[in-house]
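Visitor: Build me a model:
(3 chains)
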Amino acid sequence: MTPVIHWFRRDLRLTDNLALRAALKTGQPVVPLFIFDPALLKGERFSTARLKFMLDGLRALDESLKPFGTRLLIRYGSPIPALRELIDTAGASALFYNRDYSPYAVRRDDQLRESLSVEIHPFDDALLHPPGQILSGSNAPYTVYTLFKRRWLEQPKPAVESGVIPNKQFHSLEGLDNPCIPTLHDFSVTETIDTPAAGESTARQRLERFIERGIFLYSQRRDRLAINPFTDDDPTTSALSPYFRFGMISPRQAYHAAMNARREASTEAERESVDVWISELAWREFYTQILYHFPHVHNTSFRPEYEQVEYRHAPDELKRWQNGETGYPIVDAAMRQLNALGWMHNRARMIVASFLTKDLLIYWREGDVAFMQRLIDGDPAANNGGWQWSAGTGTDAQPYFRIFNPILQSQKFDPDGAYIRHWLPELRDVPTKFIHAPWEMETPPAQYPRPIVDHAFARERTLRAFKAVKQEKIS
DNA sequence: TGAAATGTTGGGGCG
DNA sequence: ACGCCCCAACATTTC
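Guide: Prediction:
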């Protein structure tokens, strides 16, 4: 029997995997393939931490294939020649994969369909409602989140694909050269951070634990600046973002788990809390379809007029922001969390993004790139959407004059300073009264920098810069 | 998924 | 008893 190929990309799991399931249903032996595409292993948005998390995920996937008498087949190089070679040597007759909606992937897959002679079966697996499915009355993609979400919630949701994977349905890979799954060392990466355990079983454990308790308290606890949800016994957020990033969990699994929890909720507040968490799934799908329909946002503002703002070229200040040395404790704590964990709490992401774009008046793309270099959950659509939202240049963005006050945000979301003290040990002994603004102390800790800029001054500067652009547009 | 500036109201101190 | 001022508390407007 001729084999078929399932090409894993951002769907590193065996359960509820639509393309994989369809490949298995052909009854032909399935070759489980992963390709290291050099184009995705370089560039300014590349991250060694994310690569590490992915490699761990590939090892987990490989392990989970062993009971089925196969392994993950590894190939290197540009996908089209790599696939051609494999189709030749294995005599494969079809290629299955799940769609990836980012600009690079869309281009790659378009070329693929023109270049390969075998049958190609793409599936919409990564979202509950793929781009193009949620459209306004005039058949246009929504650019306002609340309208998108209304339609998104109305749509019937696809079920989880359940069922046991039939044994002996995978290709044994006999006769195929299969190199080991590479290590970071093979990519000349000598140093990176520790990352959480990867793989679909870890992802499902996290989801199950979260829907037992955390999801019911989500709306009241999610804004608390948590130090590390990956090691917390009672995390206030699901900590699933890196698993979503690599498809170690499916949105169907997450959605239906949440809906089951909702049915078991005992109070209206608990049901509302579940709804708030589900709306985060909608945000993920909203931004994915934004990048798909408006690919220019990848490197330029959704609202083109904001390209004319006189942003500041300040590489030294950008560096200080990245290193967590701005002198604003909440900003610095958050950046050090990012540097240490490859992850940052969402509220903290908004605070540091507001600080970079509004207080330092640095173009949002610098922040987008800096985040992508660090985040284990770094996704081009979600990260870009978040940055443009904060900068006020995006779809449905907050108006430019909404400028976070880092001190007030700090007081609101880290009232006792525990988050700051954990990530900034040099401020451990600062009294709570001064923890959000240590420069107001008589003798501030000497090792900690003075504020990089005065917030009140910076706020006025940004209002002027954005207003200047608005004026120009009118005249 | 803001914050600051400005406006309004009303109680209390005081001459 | 009255007017005046101050200012906290809250509301509204503005950026």
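Visitor: immediately after the longest strand seen in chain A, which helix or strand?
Guide: Assignment by DSSP state E gives strand A:30-36 as the longest strand of chain A. Going down the chain from strand A:30-36, the next helix or strand is helix A:48-65, by DSSP states H and E.
Visitor: can you give me the offset of that next one from its chain's centre?
Guide: Its chain's C-alpha centre and that of helix A:48-65 lie 16 Å apart, by CA atoms, centre = their mean, to the nearest Å.
Visitor: what residues does that helix touch?
Guide: A:8, A:12-14, A:32, A:34, A:41, A:71-72, A:170, A:181-184, A:187, A:189, A:191-193, A:195-202, A:242, A:245-246, A:248, A:342, A:374-378 (CB atoms under 8 Å, 6 or more residues apart in numbering). For glycine as for every other residue, the C-beta is placed from the backbone atoms N, C-alpha and C.
Visitor: so of the residues you listed, which ones are in helices?
Guide: Under the assignment DSSP state H, those contribute A:200, A:201, A:202, A:242, A:245 to helices.
Visitor: Considering these, which is situated nearest to residue A:428?
Guide: Top of the list for closeness to residue A:428, among the ones in helices among the contacts of helix A:48-65 and by CB to CB, is residue A:242 at 28.9 Å.
Visitor: Could you count how many residues lie near the closest one?
Guide: 27 (other CB atoms under 10 Å).
Visitor: Identify the residues contacting it.
Guide: Residue A:242 neighbours (CB under 8 Å, 6+ apart): A:53, A:195, A:196, A:198, A:248, A:342, A:343, A:376, A:377.
Visitor: what do you get if the cut-off is 7 Å, keeping everything else the same?
Guide: Going by CB atoms under 7 Å, 6 or more residues apart in numbering, residue A:242 touches A:53, A:196, A:376, A:377.
Visitor: do residue A:87 as well
Guide: Residue A:87 touches A:116, A:118, counting by CB under 7 Å, 6+ apart.
Visitor: Whichever strand or helix holds it: which residues count as buried?
Guide: Element membership for residue A:87, per DSSP H and E: helix A:79-90. Neighbour counts over helix A:79-90 (16 or more other CB atoms under 10 Å) mark A:79, A:82, A:83, A:86, A:87, A:90 as buried.
Visitor: again with stretch A:60-68
Guide: Neighbour count says stretch A:60-68 has A:60, A:61, A:62, A:64, A:65, A:68 buried, by 16+ other CB under 10 Å.
Visitor: ok, now stretch A:104-118?
Guide: A:105, A:106, A:108, A:109, A:112, A:116.
Visitor: The closest residue to residue A:452 other than its chain neighbours: neighbour count?
Guide: Spatial nearest neighbour of residue A:452, excluding adjacent residues (CB to CB, 6 or more residues apart in numbering): residue A:326 at 4.5 Å. Counted with other CB under 10 Å, the neighbours of residue A:326 add up to 25.
Visitor: contacting residues for residue A:326?
Guide: Residue A:326 is in contact with A:320, A:332, A:355, A:452, counting by CB under 7 Å, 6+ apart.
Visitor: Pull out the buried positions in the top helix by length along chain A.
Guide: In chain A, assigned by DSSP H, the helix with the most residues is helix A:268-293. For helix A:268-293, burial by neighbour count (16+ other CB under 10 Å) applies to A:270, A:273-274, A:277-293.
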